[in-house]
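> What follows is a protein structure lacking sequence information:
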């Protein structure tokens, strides 16, 4: 897809996404989880004048490269839904013992900064998990809420399978069936495919 890049980064192969809008000259970086050098190299391939960062949630594997990416690209904002503020601001934000916590994190905003992209609040994987939906592109970035053939884990602190299932059914499965889904890990899928084949949802 033109003006769109997916880069698996970090120890857990998080899908970091770069989406560029030529009209506004804004580059969005979604979930810069690690390997800042790879993200920055990809970012420089776009002729952007402005940059913003979106976080689907605050688990360490999705924010590991945030400080370096934020400062190097001079990002105007970092968006995170308010339900994950506590995790984001905790010195123990690593959650997973084999990944170190992230220090020197930038200040986030809980106010949605965009007009052409919709934020869908999907608590379950974490209390503040959210997804980002581009209606004109029929494209959803689902973070760790929905995967190809699976759903996000809910066994970490703040997780709830009941909340996750409700979020997916009310916020995601109601989108047009030809919506392409780009998850936080693994391959692309579609709303139609997940409705028909996802064992957690059928």
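That came through, no problem. Small disclaimer: the values here were computed from a predicted structure and weren't measured.
> From here on, just use CA atoms for contacts and neighbour counts.
Will do.
> Check the secondary structure at residue 2 for me.
coil (DSSP: H, G, I helix; E, B strand; the rest coil).
> That one and residue 46, how far apart?
According to C-alpha to C-alpha, to the nearest Å, residue 2 and residue 46 sit 11 Å apart.
> What residues are bridge-paired with the residue lying closest to residue 43 once chain neighbours are set aside?
In this structure, residue 43 finds its nearest non-sequential neighbour in residue 18, 7.2 Å apart by C-alpha to C-alpha, 6 or more residues apart in numbering. Beta-bridge pairing of residue 18 under DSSP bridges involves residue 5, residue 29.
> separation between the closest residue in space to residue 150 that isn't next to it in sequence and residue 114?
Excluding its sequence neighbours, the residue lying closest to residue 150 (C-alpha to C-alpha, 6+ apart) is residue 198, at 6.1 Å. The gap separating residue 198 from residue 114 is 31 Å, by C-alpha to C-alpha.
> swap in residue 70?
Per C-alpha to C-alpha, residue 70 is found 18 Å from residue 114.
> Among those two, which residue is more densely surrounded?
The neighbour count for residue 70 versus residue 114, taken as other C-alpha atoms under 10 Å, is higher for residue 70 (21 against 9).
> Please identify which helix or strand holds that one.
Take DSSP states H and E as the rule and residue 70 turns out to sit in helix 66-73.
> for that helix, packing partners?
Judged by 3 or more C-alpha pairs under 8 Å, 6 or more residues apart in numbering; DSSP states H and E, the packing partners of helix 66-73 are helix 36-43.
> Flag the helix or strand of this protein with the lowest per-element mean pLDDT.
For the chain, counting by mean pLDDT, DSSP states H and E, helix 85-89 ranks last in confidence among helices and strands (a mean of 93).
> Which SSE is immediately downstream of that one?
strand 118-121.
> Ends of stretch 180-199, what's the gap?
Stretch 180-199 has an end-to-end distance of 19 Å (C-alpha to C-alpha).
> what's the nearest residue to residue 167 once chain neighbours are set aside in contact with, if anything?
Among residues not flanking residue 167 along the chain, residue 122 sits closest, at 4.8 Å (C-alpha to C-alpha, 6+ apart). The contact partners of residue 122, by C-alpha atoms under 8 Å, 6 or more residues apart in numbering, come to 128-131, 145, 163-164, 167-168, 171.
> Thanks a lot, see you next time.
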